[in-house]
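Undergrad: quick check, what structure comes out for this input:
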Amino acid sequence: MAVIDGAEASGRLRPGGRVVEYTGGSTGTSLAFVCVARGCPSGFYI
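TA: This is a model prediction of the structure:
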């Protein structure tokens, strides 16, 4: 959640912006839940 909060606060993630993450672990799963809850489109690659 801190990653998304920081990106929004700095202006790197604007409303409707897409989150793209390269992950193979639980961090990506957690980030996916946050994106869904916030309505951010997202893509995760392993």
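Undergrad: now do the nearest residue to Tyr45 once chain neighbours are set aside, the pLDDT please.
TA: Counting by CB to CB, 6 or more residues apart in numbering, Tyr45 lies nearest to Tyr22, which is 5.1 Å off, once chain neighbours are set aside. Yep, even glycine has a C-beta here, placed from its N, CA and C like the rest. In this model, Tyr22 is scored at 92, pLDDT.
Undergrad: for Tyr22, give me its contacts.
TA: Contacts for Tyr22 were tallied using CB atoms under 8 Å, 6 or more residues apart in numbering; they are 44-46.
Undergrad: pick the one among the residues you listed closest to Ser30.
TA: Nearest to Ser30 among the contacts of Tyr22: Phe44, at 11.0 Å, using CB to CB.
Undergrad: what's the distance between stretch 7-21 and the middle of its chain?
TA: Distance of stretch 7-21 from its chain centroid, counting by CA atoms, centre = their mean, to the nearest Å, is 8 Å.
Undergrad: need the contacts of Tyr22 in TSV with distance to Pro15 and secondary structure, can you?
TA: Listed next are the contacts of Tyr22 as TSV, based on distance: CB to CB, whole Å; DSSP: H, G, I helix; E, B strand; the rest coil:
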residue	distance to Pro15	secondary structure
Phe44	20	strand
Tyr45	23	strand
Ile46	28	coil
